[in-house]
Structure formats: structure tokens, C-alpha cells
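Visitor: Generate coordinates for the sequence data below:
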Amino acid sequence: MFDFSSFRLFSGFLLSLLLTACGGSSNSWELDRLRVLAMSAEPATLKPGQSAKISALVVDEPQNRPLTFLWLGCAADPFGQNRGPCTDEDFLKDPALFISSLLEEEADPEDMGIQFLGIGPQPEDYEVPEDLFSMFPEDHPQRKIGTFGMVLLMVIAEALPENYTLEDFVSLMKRAQDKKVDSLKALFRIPVREGDEPPNQNPRISALHVNGTAYEKSALVFLEQSRKYSLDLSVPQESFEEYVDFTPVGTSLKTEILFASFFTTCGKLEDEKFNFATSIRPKLLTPDGKDIRACRSPVQKLFAVVYDSRSGQAWHEQSFIICQKDGASPHIRRAELSSPGSLSLEGEHLEALAELRLGGQFLWPLPAPQEGRMMVGLPEALEPGSYVLQSTDFSCRAQTHGELSL
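Guide: Below you'll find the predicted structure:
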């Protein structure tokens, strides 16, 4: 590992990545390449002196390669004019300007308005200085109108060695710069303002609905081939927040507008982007038997991202299966709870099992059977009692296998 002081040595490579992104001309809803689908801050708005945890929804379908995450925070412009390295076109296009500044003896990234937030899926907290608006009088409207802090995420589709060195990091940056490794960037803005008003909350997603049926996140959804399914999201009413909007000419009371976008690894989407205030909702068209081969794996993914008009974001992930035709039918001859957290099975064609359900728990993905036996770990240990065991195979045939006792 290397420390923060090494930052200046690889900043040139880091910033050159801003002009590097993996290509692709597919539909916006189609998950067939490295993508950053959403970014979120918690809390969703900040006051001077506060910090926020940052998270991102990054997918790399269908490759699912190991990824390297690099995070930069750019200081908020107190004048609200989006000035700074994250929005400076010359800065992004010519990283040599940044390198030459950092290589000076007294140079410091923070002096240039940059926070190095780390390498890895979870960055350090983004911080706003307490004196951000100190140049304004106490009653100046800019304090309440506010500004934006910015977080820049760069993702590279290759993992660093476990005990990587600075040279390893620079080498990876160079390969990304030369477009030998897929990479991309995403910029996220966090509102920053003073005031006594309740801060914005990220929206919440209660459930995903498929043809009117609500599904838990842990559930595996089974869909037929060549069908059109209506999709919807349940969002609690409190996510449509009322707030005071401050402008240079006065204030007004508003209600947040919520929007959503859907993404899928299989099938096609219609009306994938919508406003919750309208009646338009997405529809998923599943492939037929010929096109299903393009879906690449038995278990597919559907993502929904909800965002409000004040930079709040939330997301939902659901896995689903397109039913196979004439697939093998599994037969469970023996099922036993070998411990409170383990289920053992014996039978034929157990590899055709898509999921098991036991004691309210959805069990998948399942391990590969060995010589007709399968040992399945439970997400949560069971209390003593009796539990109904059910299964669904990849042909969407559902079976009930009776009760198991513990």
C-alpha cells in the first residue's frame, strides 16, 4: 500500500482517465458493459462542517470482472458557480497542468481543492469545511441558496494485487490511459447549504412489482419466454418531501419530483425512464427461445434507480430467470436439516434446481451438487420447529417437498 503523500506521483494518470471510458452504443437500459448506474450520499444534503458517506451502484455485466475504484472529492464552490477541478474543462483535458502544480515542492492536492477519498468500493467520507461561506455576511442569501460539493468516481475493470505498490497502481493507470483496460468516470453533486430546514432524505423503495405482484429483494422472479411484463415501484409517500426553495429573488414551497430508470441484463425495456407523477410505467419484454441465448447466463438482473429533484438517489436490485423449455426435472429423494444453518439434499438432477424456499428464506444461488448430494447454507439459522421445503427449477416448475423438523 502507499500513503496519501504518494498521491501527487500518480495524479497525472488519474486525471487522464477522465477522458477514458469503455465504449458501447447499446440502449441506455441494456447492461452489457461497465456502467455506473447511480451514486448516493448519506445524508443527501450537507451543511458546512458536515460529512457524507458516498456509495455507488456499479455493474459490469456480463463480464463481472474485478474492479478498481478511485475516488476524488472536489471542494464546493461557495459562490455556486461550479468552479473547481471537477468542472474545469482545461483541467480535465490537460492533466499536465495538474502534474506540474503537484510536483512543486510545497504542492498539496487539498490546496487545489481536491480530497483524495481512497481506492476501493467504499471511499472515505466527503467533508465540507465549516467556514465554507465565511466570505459572506451572516444574512447573505447565498448561505441558504447554497452550492454543490462534488465527488468523482473512476472505475477500472481490473483489480490491483492484494499488496499492491505504487508501481502497480501507476501501471494500471497507464493501461487504462492507453485504453488497454476498460474504465469510466462518474461525477456526483451533493447540495451544501446553511439553514434550519430539514435536510433532504434519499428516497426509499419499498418493493418492486411485476404484473402487480410485489417481490422481496431476496426473491428470485420467474418469467415466461416471449411475454410482456409491467413493472412498477412502491415508494412511500414521505419520499415526496416538501421543501423551501431559496433563490436570489425569494423563497417558495415546493414538493419533490421523483423519477426512475430501469436497467436489465436480459430482454428489452419500454418506457424505462418515467416520472412518478405520470401513469407511464416500464414494460419488460422477455426473449423467445431463440434470443434467450443472448442473455448469457441462467440468472438475470433487473435494476431500478429512483432519484429526486434535489440529488437524492436510491436503487433496487432484483434477480430473475427466463423459464427454460423442456429442462431437466430435479427429484429430491431426501432432505434434512443437518444443523440450524444447513440443509442437505440427495436426489437426481439437483443441478436443475433454481431456488429453494425454507422457513421464509429464499435459498439461491445453490452450490453445484456432488454425486447427487447438495449442502446448502441458510442465510439465517432456524429456530427449533417444522418448516415447509419448496423448490422451483429452471423450467419454472414449482414443487412442495413436505415439512422438515429441527
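
Visitor: how much space between Gly49 and Glu127?
Guide: Distance, Gly49 to Glu127, using Cβ to Cβ, to the nearest Å: 9 Å. C-beta coordinates here come from the backbone N, C-alpha and C atoms, glycine included.

Visitor: between these two, who's got more neighbours?
Guide: Each of Gly49 and Glu127 has its neighbours counted (other Cβ atoms under 10 Å); Glu127 has more, 16 against 11.

Visitor: Do I have it right that that one meets Gln115?
Guide: Yes - the pair Glu127 / Gln115 is scored as a contact, 6.8 Å apart, by Cβ atoms under 8 Å.

Visitor: any common contacting residues for those two?
Guide: Counting by Cβ atoms under 8 Å, 6 or more residues apart in numbering, the residues touching both Glu127 and Gln115 are Gly73.

Visitor: Next, name the residue at the spatial heart of this protein.
Guide: The residue lying closest to the centre of the chain (Cα atoms, centre = their mean) is Leu57, at 1.4 Å.

Visitor: I figured that residue hits Leu31, correct?
Guide: No - the pair Leu57 and Leu31 does not pass the contact test of Cβ under 8 Å, sitting 11.1 Å apart.

Visitor: what touches both of these two?
Guide: Contacts common to Leu57 and Leu31, judged by Cβ under 8 Å, 6+ apart, are Phe303.

Visitor: Pretty sure Met173 sits in a strand.
Guide: No - with DSSP: H, G, I helix; E, B strand; the rest coil as the criterion, Met173 is helix rather than part of a strand.

Visitor: what about it, distance to Ala56?
Guide: 19 Å.

Visitor: Ok, Cys86 next?
Guide: Cys86 is 15 Å from Ala56, by Cβ to Cβ.

Visitor: out of those two, which sits in the more crowded spot?
Guide: Cys86 (24 against 21).

Visitor: show me what contacts that one?
Guide: By Cβ under 8 Å, 6+ apart, Cys86 lies in contact with 72, 74, 150, 152, 187.

Visitor: unless I'm mixing things up, Tyr126 is touching Phe148, no?
Guide: No - the pair Tyr126 and Phe148 fails to qualify as a contact (Cβ under 8 Å) at a distance of 11.3 Å.

Visitor: list the contacts for Thr45?
Guide: 190-193, 199-200, 310-311.

Visitor: Buried ones among the residues you listed?
Guide: 190-193, 199-200, 310-311 (16 or more other Cβ atoms under 10 Å).

Visitor: out of those residues, who's nearest Gln225?
Guide: Ser311 (39.5 Å; Cβ to Cβ).

Visitor: Before we move on, what's the pLDDT of Asp108?
Guide: As predicted, Asp108 sits at a pLDDT of 56.

Visitor: What of Met135?
Guide: So Met135 comes in at 95 (pLDDT).

Visitor: Neighbours of it, how many?
Guide: 10.

Visitor: Then Pro129?
Guide: For Pro129, the neighbour count with other Cβ under 10 Å is 12.

Visitor: thought it was touching Lys47?
Guide: No - shown here, Pro129 and Lys47 do not form a contact pair, counting by Cβ under 8 Å, at 11.2 Å.

Visitor: list the helices and strands the helix or strand harbouring Leu57 packs on?
Guide: Using DSSP states H and E, the element containing Leu57 is strand 51-60. The contact analysis (3 or more Cβ pairs under 8 Å, 6 or more residues apart in numbering; DSSP states H and E) places strand 51-60 against strand 34-42, strand 68-74, strand 126-127, strand 147-156, strand 183-192, strand 299-308.

Visitor: will you turn those into JSON lines that also has distance to Ser391 and mean pLDDT?
Guide: Shown next, in JSON lines, are those (distance: least, Cβ to Cβ, whole Å; pLDDT from 0 to 100):
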{"stretch": "strand 34-42", "distance to Ser391": "32", "mean pLDDT": "95"}
{"stretch": "strand 68-74", "distance to Ser391": "38", "mean pLDDT": "89"}
{"stretch": "strand 126-127", "distance to Ser391": "46", "mean pLDDT": "96"}
{"stretch": "strand 147-156", "distance to Ser391": "37", "mean pLDDT": "90"}
{"stretch": "strand 183-192", "distance to Ser391": "40", "mean pLDDT": "90"}
{"stretch": "strand 299-308", "distance to Ser391": "15", "mean pLDDT": "94"}
